[in-house]
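Peer 1: task: produce atomic coordinates for the following.
(one chain, ligands or ions: 1)
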Amino acid sequence: MENQEKVIQIAGSITVDELAEALGLSVTTLIGELFKEGIVATINQRLDFDTASIIIDELGIKNVRLMRKNTSTQTQDVRRELSDKAVSRPPVVAVMGHVDHGKTTLLDTLLHKKTVEDEAGGITQHISAYQLEHDGRKITFLDTPGHEAFAAIRQHGAMLTDIVVIVVAADDGVKPQTVEAIKFAQSANAKIIVAINKIDREGADIPRTMADLAQNGLQPEEWGGDVTMVPISAKQGDNLDKLLDMILLTADLEELKADVNIPAEGLVIESHMEVGKGSVVNLLVTGGELKVGEFIVAGNSYAKVRTMLDFRGKPKGKAGPSTPVTITGFKELPNFGDQFIEVPDEKTARKQALLNAQGIADASASANVTSSDLLRMMNVADNSKMFNVIIKGDVLGSVTSVVDSLKMIDTKGEVTLNIVATGVGDVTENDVYMAVGDNTVIYGFNVNVPTNIAKMAARDGVSVRNYKVIYELLDDAKHSMEELLDAEVVEEEVGEMKIKGVFRTERTAIIAGGEILRGRVGAGALGKVYRDKKELGEVEVESVQKEKIDAKELVEGETGGIAFKTEKKLVMEVGDRVKFFTREMKKKTL
Ligand code: GDP
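Peer 2: Just a heads-up that it's a prediction; the model follows:
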C-alpha cells in the first residue's frame, strides 16, 4: 500500500487538461504520452475511464487511483448485480507469467490430460479458451494475449477472469513480466494463485522463488501469507491436480455465481474471418444461456447465432455462464473485449447495432477516445498496415486536394490511410510532436519547414516531406504504403526430373539419379518430390553430376546424379518425380 495515494474521480470522462493537472504533469508531457499510444489528443479532448487508467499505468504512476464517480450516464460494468436466483458457475482462469516460464505448456498439458479427446483426433488448433473437468466440476481457462500486447488488452482480459494463475519458473525466479502480471491481476481484483513451475529442473529452487515472490508482495501461505503457491512441473504434469484443487477451493471461497434466467450476455474473446464460414467469433458467456438461433448484438455488429460449437469443435445447443463457445453468424466482426447481449429479434438487433455504431461514430466526432478505439488502434499498429500522415498546405484548397487525392490511392484494402491531422501553414513543432513515435509522415505542400523544426524532426526520427508538385507527393505516399505491404512468396518452375535410381538416403541427404524431362536443374535449385500426385516434401539441390563428374547443370534429355539436401528424412523411390523451382520474396506493389 502506498502512503500518499491520490484518488481522482472520473464522472464519465475527463479532459486531457484536467487529467494532467490531477496528475501534476504538464499538458505537453501528457499529450506526448498519449501520442506514443497512438492517440492524437488536444488539450480539451475527453478521455474515458479505461483510457485514463491505461495511460496512468503506462506512465508508471503508482500512487494514483482512479475512481468512477457515480453518474446516471456511467458506462455499464461488465459484472452485473445478481438476483437471488443466481446459481454457481465455473471459475474463469487466466494463466500469466514471464515468457518461457511455461504458460503454454501448462495450458497444453491441462488440456490434454484433463479433457477427453474425441474421435476428431483431439485439438491441434490454437484455441482461445477451453473448459476442463476436475472432481466433477468445470473450470474455464482463457489463453490471454501475450505480454507484449498492450496493457489495455490484458485489462480487458482480466475483467473476464476470476482467478489468475501466475506461472513462475523455479529456476529463473521473478522476472519483469511476472511483476507485471502480479500488478495486473491485483488491479483487476482477480484472485492470484502462483504455480511454481519447472520443479523437475536441476536449478529449481522453490524457497528462493517464494522469497522472490514475497519481495514482490505475494506472501506464501506456508509463511503465514495469503497466497497459495503450488510447485508443479507443467511439462511432466506433476502436481497439476493439486493446482486444480486450489483453483476450485479459491472459487468456492469467492462464491462465483451468475443468473441463468436472463437474456444471454458475455464477451467477445476472439474474432476472425474464415473462408466458407464468414465471421467466426469466440464468446465467453457470462450470464444467461446462449442458444443457436438467438439474436445477439456486440458493438456495431449483430448476429443470428447460426452455428455454435464448444472448444472441441462439437456442436452445442446452449451455453450457460462461464462457457466459451465459437459461433458463426455475425454480419461484421466484433472487436475483442466487446460485450454481447441477447435481444428478442432481428429488428431489435439491427436497431441496437446501429445505435451502438452511431454511439461509436458520435464519440469519434466529438473526439472522444474510448478504450475500444485504443484497442483497435493497437491491433492495427500490431500488423503495421496503418499509414499515418499529417498534411500541411499553403491554403485550405491545397490541403483538401491533397487529402482527397491521397484517399483515392487504391490500397487494395491492405493499407489504411490514417490522416492524423491537417492544417494550413508551415510545419510546426506541434506537428512534429504529434508525429513522434508513430511512424507518422508529415507531408508539406507548398509550405516551409523552418530549420529548427527540421532539426527537431530529424532528432525525433520524424520524416517531413515537402513537395511543390502534387503528383510527386502522391507518388511518395504510394511508395510508402507499398513499403508496408508484406512481401509475397513467388515460385517459378524451372524443370522436372524422373528418378531412376536412389543411391543413398540419410537423415538430411539423398543421392539419386535420373533423367531431366524438361527444363534444367543446377545447384541451389529447390525441388518438390512427387509420387504420383502426392507431394512428399521439399529438397534442395546441393550438387549435380553428369557422367560422374561435377557439372553446372543438367538440361532436358540429359541423365545424371544429384545430391539433395532435405530438412527431415525423406525416402525417394524410383519413379518419383522432382519438380524444380526457384522461390523469391517479392515486394508487392499497389
Ligand atoms: P511460455 O512462454 O510461458 O508459454 O513458455 P512455454 O510453455 O513455451 O515453455 C518454455 C519452455 O520451457 C519450453 O521449452 C517448455 O518445454 C519448457 N517447460 C515448460 N514447463 C516446463 C517444466 O515444468 N519443466 C521443464 N523441464 N521444462 C518446462
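Peer 1: show me where the stretch 351-500 of the chain dips below the pLDDT cut-off.
Peer 2: 357-384, 437-438 (pLDDT under 70).
Peer 1: so P90 touches F141, yeah?
Peer 2: No - between P90 and F141 no contact is recorded; they are 10.1 Å apart, counting by C-beta atoms under 8 Å. Bear in mind the C-beta positions are built from the backbone N, C-alpha and C, glycine included.
Peer 1: which residues do the two both contact?
Peer 2: Q131 (C-beta atoms under 8 Å, 6 or more residues apart in numbering).
Peer 1: those two: which has the busier surroundings?
Peer 2: Shown here are P90 and F141; by other C-beta atoms under 10 Å, F141 has more neighbours (27 against 22).
Peer 1: report the spatially closest residue to the more buried one, excluding sequence-adjacent ones.
Peer 2: Among residues not flanking F141 along the chain, V93 sits closest, at 5.2 Å (C-beta to C-beta, 6 or more residues apart in numbering).
Peer 1: does V285 have beta-bridge partners, and which?
Peer 2: In this entry, V285 is beta-bridged to G266, by DSSP bridges.
Peer 1: oh sorry, the question was meant for L526
Peer 2: Once the bridges are assigned, which here means DSSP bridges, L526 pairs with E540, F581.
Peer 1: and it, how close does it get to E482?
Peer 2: With distances defined as C-beta to C-beta, to the nearest Å, the gap from L526 to E482 amounts to 27 Å.
Peer 1: then V399?
Peer 2: Look at V399 and E482: by C-beta to C-beta, they are 24 Å apart.
Peer 1: before we move on, what about L473?
Peer 2: Counting by C-beta to C-beta, the gap between L473 and E482 amounts to 15 Å.
Peer 1: those two: which is more packed in?
Peer 2: Between L473 and E482, counting by other C-beta under 10 Å, L473 is the more crowded of the two (21 against 15).
Peer 1: for the ligand, what are the nearby residues on the chain?
Peer 2: For the chain, the residues in contact with the ligand under the definition C-beta under 6 Å from any ligand atom are 97, 99-105, 197-198, 200-201, 233-235.
Peer 1: of these, which belong to strands?
Peer 2: Residues of those located in strands (DSSP state E): G97, N197.
Peer 1: now, of the residues of the chain next to the ligand, which are buried?
Peer 2: The neighbour-count test (16 or more other C-beta atoms under 10 Å) applied to the residues of the chain next to the ligand identifies G97, H101, G102, K103, T105, N197, K198, S233, A234 as buried.
Peer 1: and the fifth one, what does it touch?
Peer 2: To tie it back to what came earlier, the one meant is T105. Taking C-beta under 8 Å, 6+ apart as the test, what T105 contacts is N197, A234, K235.
Peer 1: my guess is the last one contacts D108. True?
Peer 2: Meaning K235. No - under the criterion of C-beta under 8 Å, K235 is not in contact with D108, lying 9.6 Å apart.
Peer 1: so A487 versus S480, what's the distance?
Peer 2: Distance of A487 to S480, given as C-beta to C-beta: 16 Å.
Peer 1: of these two, who's got more company?
Peer 2: For A487 and S480, the more surrounded residue by other C-beta under 10 Å is S480, and the numbers stand at 17 against 10.
Peer 1: what sits against that one?
Peer 2: Remark: with contacts taken as C-beta under 8 Å, 6+ apart, S480 is in contact with F387, V441.
Peer 1: name the residues of the longest strand belonging to the chain that are buried.
Peer 2: If you go by DSSP E, the chain has its longest strand at strand 488-505. Using 16+ other C-beta under 10 Å as the burial criterion, the residues of strand 488-505 that qualify are V494, G495, E496, M497, I499, V502, T505.
Peer 1: elements contacting that strand?
Peer 2: Taking 3 or more C-beta pairs under 8 Å, 6 or more residues apart in numbering; DSSP states H and E as contact, the helices and strands that strand 488-505 lies on are strand 509-522, strand 559-566, strand 577-586.
Peer 1: let's see it at 6 Å
Peer 2: Applying 3 or more C-beta pairs under 6 Å, 6 or more residues apart in numbering; DSSP states H and E, we find strand 488-505 packed against strand 509-522, strand 577-586.
Peer 1: now the angle from the last one to strand 509-522?
Peer 2: What that stands for is strand 577-586. 70 degrees (axes from the mean of the first three to the mean of the last three C-alpha atoms, to 10 degrees).
Peer 1: tell me which residues in strand 577-586 are buried?
Peer 2: Within strand 577-586, judged by 16+ other C-beta under 10 Å, the buried ones are R577, V578, K579, F580, F581.
Peer 1: out of the residues you listed, what pair is the most spread apart?
Peer 2: Largest separation among the buried residues of strand 577-586 by C-beta to C-beta: R577 and F581, giving 12.8 Å.
Peer 1: common neighbours of these two, please.
Peer 2: With contacts defined as C-beta atoms under 6 Å, 6 or more residues apart in numbering, no residue is adjacent to both R577 and F581.
Peer 1: excluding covalently adjacent residues, which one is nearest to M96?
Peer 2: Ranked by C-beta to C-beta, 6+ apart and with sequence neighbours excluded, the top spatial neighbour of M96 is A181, at 3.9 Å.
Peer 1: next, count neighbours for that neighbour.
Peer 2: Using other C-beta under 10 Å as the criterion, A181 is surrounded by 29 other residues.
Peer 1: next one: phi and psi at it?
Peer 2: Reported as degrees, to the nearest 10, the phi and psi values for A181 are phi -60, psi -40.
Peer 1: what of G461?
Peer 2: The phi and psi torsions at G461 (degrees, to the nearest 10) take the values phi 70, psi 30.
Peer 1: how near is it to the ligand?
Peer 2: 31 Å (C-beta to the nearest ligand atom, to the nearest Å).
Peer 1: so what's the residue count around that residue?
Peer 2: Counted with other C-beta under 10 Å, residues neighbouring G461 total 10.
Peer 1: got a list of what it touches?
Peer 2: Per C-beta under 6 Å, 6+ apart, neighbours of G461: none.
Peer 1: mind checking how far it is from A512?
Peer 2: G461 is 53 Å from A512, where distance means C-beta to C-beta.
Peer 1: one more: F503?
Peer 2: Taken as C-beta to C-beta, the span from F503 to A512 is 6 Å.
Peer 1: now F330
Peer 2: When C-beta to C-beta is the yardstick, F330 and A512 sit 52 Å from each other.
Peer 1: more neighbours: those two, which one.
Peer 2: Neighbour totals were compared for F330 and A512, and F330 leads with 27 against 23 (other C-beta under 10 Å).
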